[in-house]
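Novice: pasting the structure only:
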Ligand code: ATP
Ligand code: MG
């Protein structure tokens, strides 16, 4: 069982597709174990995207990430890190296959709708960055299973 972090970027909130995207993960059988809306500030964005802060596109990208509210979700399931990355599709929506989240909803590489953790190491760090321990929930689905 793995946990991974997704961020529904400001364009997902603007397009009113938060529910549609979360529903895809739920339909897949993945479990939402943490969920919140927030607005990023520069420090949080720099921390989250530390591998990119020196890149030419970063200033523009961070301005976009701070431009409005985002939704953070911790998602749990078998191979959740890989499954969620696959469901998100390629970074550049022009390369993202139809049926993937970016393939279906994203406009371009600057507005690509969703972030997801790319490794076990980053997933652990990123879940902890956005959620305190008491904001993560272990629950069974025994009421419906
Ligand atoms: P994310 O981390 O947002 O989930 P990713 O893991 O698919 O995306 P990264 O390489 O981590 O891709 O890039 C982080 C973000 O930086 C991308 O989502 C994109 O918005 C932006 N980005 C990456 N490469 C470029 C580029 N060549 N030109 C412009 N923006 C880029
Ligand atoms: Mg990334």
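Specialist: Right, received. Where do you want to start? Please read all numbers here as calculations on a predicted model, not as lab measurements. Ligands and ions are numbered 1, 2, ... in the order given.

Novice: ok, which stretches of this protein are helices?
Specialist: With DSSP state H, the ranges of helices along the chain come out as 10-14, 18-27, 42-48, 58-65, 80-88, 101-105, 120-130.

Novice: Please list the residues of this structure that sit near ligand 1.
Specialist: 52, 57, 61, 91, 109, 110, 112, 115, 116, 118 (Cβ under 6 Å from any ligand atom). C-beta here means a position set from N, CA and C on the backbone, and glycine is covered the same way.

Novice: Apply 8 Å and report the result again.
Specialist: 7, 9, 49, 51-52, 55-58, 60-61, 64, 85, 88, 90-92, 109-112, 114-118 (Cβ under 8 Å from any ligand atom).

Novice: Using ChimeraX, make a named selection holding only the buried ones among the residues you listed.
Specialist: The buried residues among the residues of the chain next to ligand 1 can be selected in ChimeraX (16 or more other Cβ atoms under 10 Å) with this line:
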select :7,9,49,58,61,64,85,88,90,111,112,114,115,116,117
